[in-house]
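1. Sharing a sequence plus its predicted fold:
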Amino acid sequence: MIERTLVLLKPDTVKRTLIGEVIRRFESRGLKIVALEMIHPTREQMDAHYPKSKEWITGLGNNTVKSYKEFEIPTTLEEDYGTNDPYKIGLMVREWLINFMTSGPIVKMVIEGLHSIKMVRKIIGSTVPAFAEPGTLRGDFSVDSPDLANAKKRAVQNLIHASGNKEEAEQEIKLWFKKEELHSYKTIHDLHVL
């Protein structure tokens with residue numbers, strides 16, 4: 001039941017001085033930070049972070065194809081990307097993600113707590129900020145959407161990355177932190193709730 005998850009506060013969070021607000025929301029929910037550092041990531045670090053599998057990259061491209069239909073974008077994929085192939089489009093989107101994530105400092109952290117993977121994602125809100133519920137971090141502090149990002153040939157600026165499942169969390173934590181950088185301690189929530 002007690003899990004750890006990786007959270008990356010993206011350059012838009014740092015530049016908008018929202019670091020404290022994000023941490024406050026996690027901690028007020030009873031989650032604890034067991035590792036924390038601000039860095040300016042390299043291309044190599046971000047390239048290692050984002051999957052390189054054909055399936056994952058094609059999924060990125062399919063999201064773009066879907067957004068063209070959903071938002072009724074007046075231009076065609078062929079006009080905007082030079083191709084209709086979701087894999088080739090996904091490669092472009094992956095590059096935009098790397099460019100965005102290396103555009104400034106980020107804050108990397110490991111959050112620990114009861115069902116932390118799902119809880120963190122719930123606090124953050126939908127990956128499309130324009131549709132995120134009010135009360136979530138993205139719903140309160142961002143309005144970006146895929147149609148605008150695609151038109152500007154950039155990644156959606158959605159403030160925060162959080163691991164999607166246990167396997168991803170374990171892999172990402174190992175990528176971003178050494179074992180000795182992870183701390184263990186008790187909070188008031190541990191003593192009274194767990």
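-> Thanks, I have the structure now. Numbers count the residues shown, from 1 in each chain.

2. and the nearest residue to Asn165 once chain neighbours are set aside, what helix or strand is that in?
-> In space, and not counting its chain neighbours, Asn165 is closest to Ile117: 6.5 Å by CB to CB, 6 or more residues apart in numbering. For the C-beta atoms, the positions are set from N, CA and C on the backbone; glycine is no exception. Ile117 belongs to helix 116-124 when elements are defined using DSSP states H and E.

3. ok, and what's touching the helix or strand just after that helix?
-> Reading on from helix 116-124 to the C-terminus, the next helix or strand found by DSSP H and E is helix 137-141. For helix 137-141, contacts defined as CB atoms under 8 Å, 6 or more residues apart in numbering pick out 16, 18, 21-22, 25, 123-127, 129, 132-134, 158-160.

4. Filter the residues you listed down to just the buried residues.
-> Using 16 or more other CB atoms under 10 Å as the burial test, the contacts of helix 137-141 include 18, 22, 25, 123-125, 127, 129, 132, 158-160 as buried.

5. and which of these is nearest to Glu72?
-> Distance to Glu72, by CB to CB, is smallest for Pro129 among these, at 19.6 Å.

6. What pLDDT is listed against that closest one?
-> For Pro129, the model assigns a pLDDT of 93.

7. Return the residues in contact with it.
-> Pro129 touches 138-139, 141-145, 156-159, counting by CB under 8 Å, 6+ apart.
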